[in-house]
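Engineer: Fold the following and give me the result.
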Amino acid sequence: MTRISDRFKVLGQQGHCAFIPFITAGDPDLATTAKALQILDQNGADLIELGIPYSDPLADGPVIQAAATRALQRGTKLEQVLEMLQATIPSLSSPIVLFAYYNPILHRGIKKFLQEIAAVGVAGLVVPDLPLEEAAGLLQPASEIGIDVILLVAPTSSPERIEAIARSCQGFIYLVSVTGVTGMRSQLESRVSDLLKQIRGVTDKPIGVGFGISEAAQARQVKDWGADAIIVGSAIVKRLAEGTPEQGLNAIAEFCQSLKAAI
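Structural biologist: The predicted structure is shown next:
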């Protein structure tokens, strides 16, 4: 059993919904990222999603795009992120899931990339621009190396596609709650409730819902709809970027406590 599967099994036995916060590596700097990972781990996170900054982040909304741009402008490189993770992960109880676009993985070499992230203790990987039809080349070596590849289900996915994704997905299924990019929304699409039921009908794998959740009431609603995990990104990235790094860290600690309490 993988670390991610084990975490969901324990939470399921306790009747708890997982809280998965997202931050961007290198924003405002990698030293703050390391502190933020520890803050999240200590304030309600069950898993943590860490975005690798990329110059053309097609799935990301303006808040996370801006964070990635700032990180890249500061010269953040994958090697530095991995060094930071190697030093930080041993102090964390939350498994780390990387959010990375496919082109840099392909450029580095799929097996090399997977071996490198596994060596520093990363547990899972989300590749938002990798379609199911092209995922086999990543899924097989990842399974051999011990990295869970988490696939995305969109609100527009057909029943046949949902079943195929659920069959191939590792760790948990990432249900995108809105049509479009990441970002804070005032309302979530009610179809999420129906999609959760539909996915539940074809798999017993955990389902995490993300994209658009920005406040405690929304997190509670998604949990009540039947999600196994709530994923929150832009609202955390925004708070971390405001004021000094210390103010940002304090803000995300308080916010994460409120989100975890809601679910």
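
Engineer: in the longest helix seen in the chain, what counts as buried?
Structural biologist: Using DSSP state H, we find that the single longest helix of the chain is helix 245-262. By neighbour count on 16 or more other C-beta atoms under 10 Å, the buried set for helix 245-262 is 245, 248-249, 251-253, 255-256, 259-260, 262. For every residue, glycine as well, the C-beta is placed using N, CA and C.

Engineer: out of everything not next to it in sequence, what's closest to Thr88?
Structural biologist: Nearest residue to Thr88, sequence neighbours excluded (C-beta to C-beta, 6 or more residues apart in numbering): Ala34, at 4.7 Å.

Engineer: list the contacts for the one you found?
Structural biologist: 84, 87-88 (C-beta atoms under 8 Å, 6 or more residues apart in numbering).

Engineer: Now tabulate these in JSON lines and tack on pLDDT and neighbour count.
Structural biologist: Supplementary listing: the contacts of Ala34 in JSON lines, determined by pLDDT from 0 to 100; neighbours: other C-beta atoms under 10 Å:
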{"residue": "Met84", "pLDDT": "98", "neighbour count": "20"}
{"residue": "Ala87", "pLDDT": "98", "neighbour count": "11"}
{"residue": "Thr88", "pLDDT": "98", "neighbour count": "21"}
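
Engineer: and of these, the nearest to Pro104?
Structural biologist: Met84 (17.0 Å; C-beta to C-beta).

Engineer: check which helix or strand covers that closest one.
Structural biologist: Element membership for Met84, per DSSP states H and E: helix 78-88.

Engineer: Name the strands paired with the helix or strand that comes right after that helix and say parallel or antiparallel.
Structural biologist: The helix or strand immediately downstream of helix 78-88 is strand 96-99, counting by DSSP H and E. Note on strand 96-99: by DSSP bridges, its sheet partners are strand 48-51 (parallel), strand 124-126 (parallel).

Engineer: quick one: the residue nearest to Thr88 is in a helix?
Structural biologist: Yes - assessed with DSSP: H, G, I helix; E, B strand; the rest coil, Ala34 lies in a helix.

Engineer: Leaving aside the residues adjacent along the chain, what's closest to Arg70?
Structural biologist: Nearest to Arg70 is Asp27, by C-beta to C-beta, 6+ apart, at 5.0 Å.

Engineer: ok, that neighbour - how many residues close by?
Structural biologist: When neighbours are defined as other C-beta atoms under 10 Å, Asp27 has 27 of them.

Engineer: Distance of it relative to Gln65?
Structural biologist: Separation of Asp27 from Gln65 (C-beta to C-beta, to the nearest Å): 11 Å.

Engineer: ok, now Gln80?
Structural biologist: 20 Å.

Engineer: go on, Ile231?
Structural biologist: 17 Å.

Engineer: for Phe172, same thing?
Structural biologist: Relative to Gln65, and taking C-beta to C-beta, Phe172 is found at 25 Å.

Engineer: and what of Ile145?
Structural biologist: 30 Å.

Engineer: Same question for Leu50.
Structural biologist: Taking C-beta to C-beta as the measure, Leu50 falls 16 Å from Gln65.

Engineer: for the stretch 151-263 of the chain, what are the low-confidence residue spans?
Structural biologist: Scanning the stretch 151-263 of the chain for pLDDT under 70 picks out the ranges 178-190.

Engineer: For it, which segments count as helices?
Structural biologist: Here the stretch 151-263 of the chain has its helices, by DSSP state H, counting those that start in this stretch, at 159-168, 191-200, 216-225, 234-241, 245-262.
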